[in-house]
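Q: Fold the following, please.
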Amino acid sequence: YIAMAGTHQLWALDLNAATLQPYAGTGHEGIRDDERRRAWLAQPSGLAVADGQLYVADSETSAIRAVDLTPGGAVRTLVGTGLFDFGDVDGPGDVARLQHPLGVAAGDDAVYVADSYNHKIKQIDLVDRHVVTRFGSGEPGHADGGGTAARFAEPGGIAFADGRLYIADTNNHAIRVGDLATGVVTTLPLVR
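A: Here you go, the predicted structure:
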């Protein structure tokens, strides 16, 4: 699956058949839940697959969307309300607000979000769509530490492995590691 931000669509590349075609989104920029070919997206960016769902950071709507990967599957919104609606609010999915998320990762019945312009990493519980800040104070900077004491500068990419989040901290030019068990963020040492 490929996020086509410029055309507001998701495309599918079938490596066996050597085909590339639109998979979700009409190309209209906006937020509309519907069958995947009739849904609207707005600059989709990060993607993650888990349990038959494709999770999408839909950046321009500051939303997180889920695409059911079964034939005829639909696009639904986990968090987000409309084009250019944004903020920094934790809480139920209908109330929560993000600001230009760029990355998503899925694991342990949750979706983790690189909430880029809020300089935070948030977690969406897949059972009740409740959003909480896991890491980041919301102030841009570079600081390791526990939970909301940590600071990021526009985190963009995120991956989940072995109970940890690996975060591309874009403006700090660093890979950060958020340990979900201890709640501590560290900077991954890079060897040259």
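
Q: all contacts plus neighbour counts: C-alpha atoms, from now on.
A: Will do.

Q: which residues of this structure fall in helices?
A: Using DSSP state H, no helices are found in the chain.

Q: Output the below-cut-off pLDDT ranges for it.
A: Residue ranges of the chain with pLDDT under 70: none are present.

Q: one more time with 90
A: Per-residue confidence for the chain (pLDDT under 90) gives these ranges: 83-84, 93, 108, 190-192.

Q: Next up, the contacts around the most centrally placed residue in it.
A: The centroid of the chain falls nearest to residue 104 when counting by C-alpha atoms, centre = their mean (2.8 Å). By C-alpha atoms under 8 Å, 6 or more residues apart in numbering, the contact list for residue 104 reads 46-48, 55-57, 111-114, 157-159.

Q: go on, residue 8?
A: By C-alpha under 8 Å, 6+ apart, the neighbours of residue 8 are 25-29, 40-44.

Q: can I get these in CSV with distance to residue 16 and neighbour count?
A: Formatted as CSV, those follow (distance: C-alpha to C-alpha, whole Å; neighbours: other C-alpha atoms under 10 Å):
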residue, distance to residue 16, neighbour count
25, 23, 28
26, 25, 18
27, 26, 21
28, 29, 15
29, 31, 20
40, 28, 21
41, 27, 33
42, 29, 28
43, 27, 25
44, 25, 29
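
Q: Which of these fall in strands?
A: Members of these lying in strands (criterion: DSSP state E): residue 44.

Q: Output the contacts of residue 104 as JSON lines; include the columns distance to residue 166.
A: Output for the contacts of residue 104, formatted as JSON lines (distance: C-alpha to C-alpha, whole Å):
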{"residue": "46", "distance to residue 166": "14"}
{"residue": "47", "distance to residue 166": "15"}
{"residue": "48", "distance to residue 166": "14"}
{"residue": "55", "distance to residue 166": "17"}
{"residue": "56", "distance to residue 166": "18"}
{"residue": "57", "distance to residue 166": "16"}
{"residue": "111", "distance to residue 166": "14"}
{"residue": "112", "distance to residue 166": "11"}
{"residue": "113", "distance to residue 166": "11"}
{"residue": "114", "distance to residue 166": "10"}
{"residue": "157", "distance to residue 166": "8"}
{"residue": "158", "distance to residue 166": "6"}
{"residue": "159", "distance to residue 166": "5"}
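
Q: Tell me which of these fall in strands.
A: Among the contacts of residue 104, the members found in strands (DSSP E) are 46-48, 55-57, 111-114, 157-159.

Q: Need the nearest residue in space to residue 72, chain neighbours excluded.
A: Among residues not flanking residue 72 along the chain, residue 35 sits closest, at 6.6 Å (C-alpha to C-alpha, 6 or more residues apart in numbering).

Q: wait, the one you found sits on residue 75?
A: Yes - the pair residue 35 / residue 75 is scored as a contact, 6.1 Å apart, by C-alpha atoms under 8 Å.

Q: More neighbours: which of those two?
A: Counted by other C-alpha atoms under 10 Å, residue 35 and residue 75 do not tie: residue 75 has more neighbours, with 27 against 17.
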